[in-house]
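Visitor: okay, structure incoming, though there's no sequence with it:
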């Protein structure tokens, strides 16, 4: 007879007794002494072997119980170890099964508690947290015990009901079959005993749970209320500090930009140059360093860039290369600019700083009465806390390409729309188109290239990755005088083709990028080239974007920096501008987001110098005089600088809606008549803008799975074509075609036309179904 001991008696042995264990086909079942202790079922030949020889054991954690016939059952552990056992009677078998299940539940709960304790020890050792955790563990343990006992009670109740039902028919035949009636009554008594035993266990577990709740419930509720209030206060403080910090930063930048003798990035000497040029520096002069790459010497002794390889500078073999490190032999030119301006120029600069000068619009713009009323903001960004560990846990075992990135890291714009933001300051190109001097025009073009980085100073969220075939159009001819069409022409690698045209200029680019994680920051190297042509003069400019670093990826607040050298070439005249984006130094305010550059004519002579920052404004100064070397350095004296670009800062409340500028807020505004592949109609992006991030994540994953299915079908078609000897079909963009670009002699996706005609006819039959 087995001896059962309840789990709360304090004994290390939960149950012990004899069972018959299956050995082999020759010996069959053999009698063995079994001991259930500490979550392990062990057996011996007899009781006396317990002190020295264990014949075998099986751990109950993860074990499975199989109840076969009335007196037999099996216990297996992941298929590697199995005990086939037989008890003396059905009641004995039920006792063993009950004890094993209780022991299994106990060892599982104990393991969970140990895991939680280990996690809590790593997470922190605050006394308040420990008290709460201990209460939660105790409540969880007691509640699990009640659940386990309740399941056993239900099972024994079913068995008891069945035994009663089997006994009732035999009562009427008690005089005829007394032995059968006696057996039935015995079985009924055994079932009743098991039911009574299990009921007692349930009652004890429930009583323990009730006492624990009454003892610690009030203290637990008080502690949780206190923690909730503290968290609310802390969140309010953080939000208030963030708003105050943003307000102070915006106000400081605005105040600095209004000072007449100071401009961001154009302060006097840098730390390395102090005292090198003059004993006394005039208050209307400033010093800027201009890098010259691949230089040669002119007759005046000034080092400048050789234009002998201008085509090679824009070629494919140098694609994506931009470095902040000077090559061997590079030099710098020290520039002294006269700060005394004419009254008209000074008044214009003050007006621009105050934001009162309207942007220059193209002469092709429609009358003001027909201008469309556009929105000035989007819905506020909802507060959605992100559990990074839960995301990483869900990514375990999945392919890297199939891991959906939550929209929590994004902003409600696609990469197609983000690239159109390059034209937010398109009035610079309109003013450049009116310039009579090509070098002055090049200075404005350089300022335009810098202006495209301004929005990244306070926006670190990533845009949505476009789907293959996704398009985006923006027609601003009514107010800004240009219209633009973009298309995702390749998915692996991702490539965007873009074409923008106005009455005075045409700009097109092919954008791609490579990224690499450097431990503390993410480095993005743009690929592709931008082409700009002015229709009246025929001047054709090309340039490449510089390298971008996203810092504090792991810890701290994200911030973006741009560094490297940008070379802008006029392929018609041979003139060139070299811009240097200087890496920011966090503890050096004078070297934050600084950009310097020089415009050189076809002879390699420096004609204009540029100076400023990529997040605020750029100034251009025309060279007036070349001085001889001063203490070993070349010196140029320039005329009074002219502000060629001034940033329009977003309102202070923009931090509530992703720090979007007014122009950015209008990019995703719904419009009638756009192509069915337009980014405005992308459902996951629209749901995110409306604040429904959960639905947005689900729709985003659905769209990505649909794109993968389309790609697999395309790959299968290519394999079949190759097997049959047919030409392998290649994906063809709808609005762009890969052709040889005549200026740089490189392959480029060029706009083949037809989009605006299809829009006018509302004929979108060529567009694929991607949403």
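Guide: That came through, no problem. On a predicted model such as this, the values are computed, not experimentally measured, just so you know.
Visitor: alpha carbons only for contacts and neighbour counts from here, please
Guide: Will do.
Visitor: mind listing what the nearest residue to residue 662 once chain neighbours are set aside touches?
Guide: Using C-alpha to C-alpha, 6 or more residues apart in numbering and skipping residues adjacent in sequence, the residue nearest residue 662 is residue 376, 5.2 Å away. Under the criterion of C-alpha atoms under 8 Å, 6 or more residues apart in numbering, the contact list for residue 376 reads 662-663, 665-666.
Visitor: so which helix or strand takes in residue 376?
Guide: For residue 376, there is no enclosing helix or strand under DSSP states H and E.
Visitor: how far away is it from residue 657?
Guide: Shown here: residue 376 relative to residue 657, a distance of 11 Å by C-alpha to C-alpha, to the nearest Å.
Visitor: if we can go back for a sec, what's the pLDDT at the residue nearest to residue 662?
Guide: pLDDT for residue 376: 92.
Visitor: need the phi and psi values for it.
Guide: phi -110, psi -10 (degrees, to the nearest 10).
Visitor: same deal with residue 60?
Guide: Torsion angles, degrees, to the nearest 10, at residue 60: phi -80, psi -20.
Visitor: wait, it sits on residue 103?
Guide: Yes - with contact defined as C-alpha atoms under 8 Å, residue 60 reaches residue 103; the gap is 7.5 Å.
Visitor: what's the overlap in contacts for the two?
Guide: Joint contacts of residue 60 and residue 103 (C-alpha under 8 Å, 6+ apart) are residue 39.
Visitor: show me the shaky parts of the stretch 601-750 of the chain.
Guide: Counting by pLDDT under 70, the stretch 601-750 of the chain shows low-confidence ranges at 626-633.
Visitor: now the strands for it?
Guide: 606-613, 617-630, 633-638, 642-646, 736-741, 746-751 (DSSP state E, counting those that start in this stretch).
Visitor: ranking those strands by mean neighbour count, which comes first?
Guide: strand 606-613 (a mean of 26; mean count of other C-alpha atoms under 10 Å).
Visitor: so which elements touch it?
Guide: If contacts are counted by 3 or more C-alpha pairs under 8 Å, 6 or more residues apart in numbering; DSSP states H and E, strand 606-613 sits against helix 438-451, strand 594-600, strand 617-630.
Visitor: run the angle between the longest helix anywhere in the chain and strand 642-646 for me.
Guide: In the chain, ranked by residue count with DSSP state H as the criterion, the top helix is helix 178-258. If you take axes from the mean of the first three to the mean of the last three C-alpha atoms, to 10 degrees, helix 178-258 sits at 160 degrees to strand 642-646.
Visitor: chain center to helix 178-258: distance?
Guide: Chain-centre distance of helix 178-258: 32 Å, with C-alpha atoms, centre = their mean, to the nearest Å.
Visitor: kindly report the same for stretch 415-429.
Guide: 23 Å.
Visitor: would you list the strands of the stretch 601-750 of the chain in TSV and tack on distance to residue 554?
Guide: Listed next are those as TSV, based on distance: least, C-alpha to C-alpha, whole Å:
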stretch	distance to residue 554
strand 606-613	27
strand 617-630	31
strand 633-638	42
strand 642-646	33
strand 736-741	39
strand 746-751	37
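Visitor: of those, which is nearest residue 381?
Guide: Distance to residue 381, taken as C-alpha to C-alpha, is lowest for strand 642-646 among the strands of the stretch 601-750 of the chain, at 27.7 Å.
Visitor: beta partners of residue 751?
Guide: Beta-bridge partners for residue 751, by DSSP bridges, are residue 736.
Visitor: OK, contacts around the residue nearest to the spatial centre of the chain?
Guide: Nearest to the mean C-alpha position of the chain, counting by C-alpha atoms, centre = their mean, stands residue 409 at 3.7 Å. Neighbour list for residue 409: 461-462 [criterion: C-alpha under 8 Å, 6+ apart].
Visitor: one more time with 10 Å
Guide: 386, 460-464 (C-alpha atoms under 10 Å, 6 or more residues apart in numbering).
Visitor: hmm, which of those residues are the buried ones?
Guide: Those of these that meet the buried threshold are 460-464, by 16 or more other C-alpha atoms under 10 Å.
Visitor: export those residues to CSV and tack on pLDDT?
Guide: Shown next, in CSV, are the buried ones among the contacts of residue 409 (pLDDT from 0 to 100):
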residue, pLDDT
460, 86
461, 88
462, 88
463, 92
464, 93
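Visitor: quick check, distance from stretch 28-42 to the centre of its chain.
Guide: Relative to the chain's own centre, stretch 28-42 is displaced by 55 Å; criterion: C-alpha atoms, centre = their mean.
Visitor: sorry, back to before: which residues are in contact with each of residue 376 and residue 657?
Guide: Common neighbours of residue 376 and residue 657 (C-alpha under 10 Å, 6+ apart) are residue 665.
Visitor: residue 664: neighbour count?
Guide: When neighbours are counted by other C-alpha atoms under 10 Å, residue 664 registers 22.
Visitor: let me fix that: residue 579
Guide: Counted with other C-alpha under 10 Å, residues neighbouring residue 579 total 27.
Visitor: and residue 517, by the same measure?
Guide: Residues lying near residue 517 (other C-alpha under 10 Å) number 12.
Visitor: specify the local secondary structure of the closest residue in space to it that isn't next to it in sequence.
Guide: The shortest distance from residue 517 to any non-neighbouring residue, by C-alpha to C-alpha, 6+ apart, is to residue 523 (6.3 Å). With DSSP: H, G, I helix; E, B strand; the rest coil as the basis, residue 523 sits in strand.
Visitor: for residue 523, list each beta-bridge partner.
Guide: Beta-bridge partners recorded for residue 523 (DSSP bridges): residue 516, residue 549.
Visitor: can you give me the neighbour number for it?
Guide: So residue 523, with other C-alpha under 10 Å, has 19 neighbours.
Visitor: doesn't residue 515 make contact with it?
Guide: Yes - using C-alpha atoms under 10 Å, residue 523 is in contact with residue 515, at 5.5 Å.
Visitor: what sits in contact with each of the two?
Guide: 547-549.
Visitor: counting neighbours, what do you get for residue 685?
Guide: As a burial measure, residue 685 scores 27 neighbours (other C-alpha under 10 Å).
Visitor: show me what contacts it?
Guide: 407, 410-414, 463-464, 668, 679, 691-693, 696-697, 699-700.
Visitor: let me see the ranges of the strands in the stretch 51-200 of the chain.
Guide: 56-59, 63-67, 72-77, 81-86.
Visitor: between strand 72-77 and the last one, find me the angle.
Guide: Just to be clear, that refers to strand 81-86. Orientation check (the same axes, to 10 degrees): strand 81-86 against strand 72-77 gives 170 degrees.
Visitor: in strand 81-86, what counts as buried?
Guide: For strand 81-86, a neighbour-count test (16+ other C-alpha under 10 Å) marks 82-86 as buried.
Visitor: closest to residue 578 out of the residues you listed?
Guide: Nearest to residue 578 among the buried residues of strand 81-86, counting by C-alpha to C-alpha, is residue 82 at 77.5 Å.
Visitor: wait, doesn't that closest one sit right on residue 75?
Guide: Yes - with contacts counted by C-alpha under 10 Å, residue 82 reaches residue 75, the gap being 5.6 Å.
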